[in-house]
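J.: dropping a prediction and its sequence here:
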Protein chains: 2
Amino acid sequence: MKVYFAGSIRGGRADADLYHRIIEYIKKTDKVLTEHVGDLSLQESGTDKEIYAQDTAWLREADLLVAECTNPSLGVGYELAYAEKNAVPCHVFYDRTRANLSGMITGDPYFIIHPYEREEEIYAALEEILVR
Amino acid sequence: MKVYFAGSIRGGRADADLYHRIIEYIKKTDKVLTEHVGDLSLQESGTDKEIYAQDTAWLREADLLVAECTNPSLGVGYELAYAEKNAVPCHVFYDRTRANLSGMITGDPYFIIHPYEREEEIYAALEEILVR
């Protein structure tokens, strides 16, 4: 499957190493379109118009979106709505000990929400989601 | 005009007093559908499903969306995409000395972006936007 992984970039990189580990996990069996989100020394390239054009093209192409939403991010919120509009299934993860997810996401019946307390729970859920 | 004001709630209330001042400014001449976003002692009420249903109804009803995006927010990102889908004109404000806005927002030609350095610039722009 082609997976769009969504995580905070300009909203803050506090969880970049977590994104990296999730991406590596997905990559064991599937393709991650947005591997750069887990790049610990990410240097964005291209204009913002180019970034937008590439990311929305990937969103339309994706079979699945996996978002790690503990760190608030304007871009991830936009990506979730864009994926919903294009009927891409969306799995939203967040650490319930660190974040209180937006009501616009938890209240939208379209999204499949996975609150977790320990990182291992993410991988256990991905095992199910990725249908290995 | 009916204005949907978007600002961070669960993503962090560091700018709640700024939201309050912007809402008060708009209210001088226009209606703000989401006045609670500027409530300094906001206690959310209702279930997340009810919040989502109400906010998306207001988004479809709004003549205009005004977002203050300095504090990253998943919900505001979702609201921007939802407003775009419904062809609601969107004005996005952020303090360029404090934030680097998501490329998904600045790279999307649909949004009208207003970077500012001093709060007065917000009100000067609103004077134009609200067509008094």
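T.: Great, that's in hand.
J.: can you list the helices and strands that the helix or strand residue A:104 falls within packs against?
T.: Here residue A:104, judged by DSSP states H and E, is contained in helix A:103-106. The contact analysis (3 or more Cβ pairs under 8 Å, 6 or more residues apart in numbering or on different chains; DSSP states H and E) places helix A:103-106 against helix A:74-85, helix B:48-61, helix B:74-85. Every residue, glycine included, has its C-beta placed from N, CA and C.
J.: residues of chain A that sit close to chain B?
T.: Contacts of chain A with chain B, taken as Cβ under 8 Å from any Cβ of the partner chain, map to A:8-12, A:44, A:47-53, A:55, A:69, A:71-82, A:85, A:99-109.
J.: pull out the buried members of the residues you listed.
T.: The neighbour-count test (16 or more other Cβ atoms under 10 Å in any protein chain shown) applied to those identifies A:8-11, A:48, A:51-52, A:55, A:69, A:71-82, A:99, A:101-108 as buried.
J.: in space, what's closest to the closest residue to chain B within chain A - neighbours in sequence excluded?
T.: Nearest to chain B in chain A, going by Cβ to the nearest Cβ, is residue A:77, at a distance of 2.3 Å. Nearest residue to residue A:77, sequence neighbours excluded (Cβ to Cβ, 6 or more residues apart in numbering or on different chains): residue B:77, at 2.3 Å.
J.: so that neighbour sits against residue B:104, correct?
T.: Yes. With contacts counted by Cβ atoms under 8 Å, residue B:77 reaches residue B:104, the gap being 7.4 Å.
J.: mutual contacts of these two, please.
T.: A:74-75, A:78-79 (Cβ atoms under 8 Å, 6 or more residues apart in numbering or on different chains).
J.: tell me the contacts of the residue located most distally from the centre of chain A?
T.: Distance to the chain centre peaks in chain A at residue A:47, reaching 21.6 Å (criterion: Cα atoms, centre = their mean). Contacts for residue A:47 (Cβ under 8 Å, 6+ apart) come out as residue B:107.
J.: grab the nearest non-local neighbour of residue A:10.
T.: residue B:100 (4.6 Å).
J.: and the one you found, helix, strand or coil?
T.: At residue B:100 the chain is in coil, as set by DSSP: H, G, I helix; E, B strand; the rest coil.
J.: residues near residue A:37, how many?
T.: Residue A:37: 24 surrounding residues under other Cβ atoms under 10 Å in any protein chain shown.
J.: could you do residue A:56 as well?
T.: 18.
J.: pretty sure it is touching residue A:85, no?
T.: No. Look at residue A:56 against residue A:85 with Cβ under 8 Å: they stay out of range, at 10.3 Å.
J.: got the end-to-end distance for stretch A:7-15?
T.: One end of stretch A:7-15 to the other measures 8 Å (Cα to Cα, to the nearest Å).
J.: re the thing from before, look up how far residue B:63 lies from the residue of chain A closest to chain B.
T.: As judged by Cβ to Cβ, to the nearest Å, residue A:77 and residue B:63 stand 22 Å apart.
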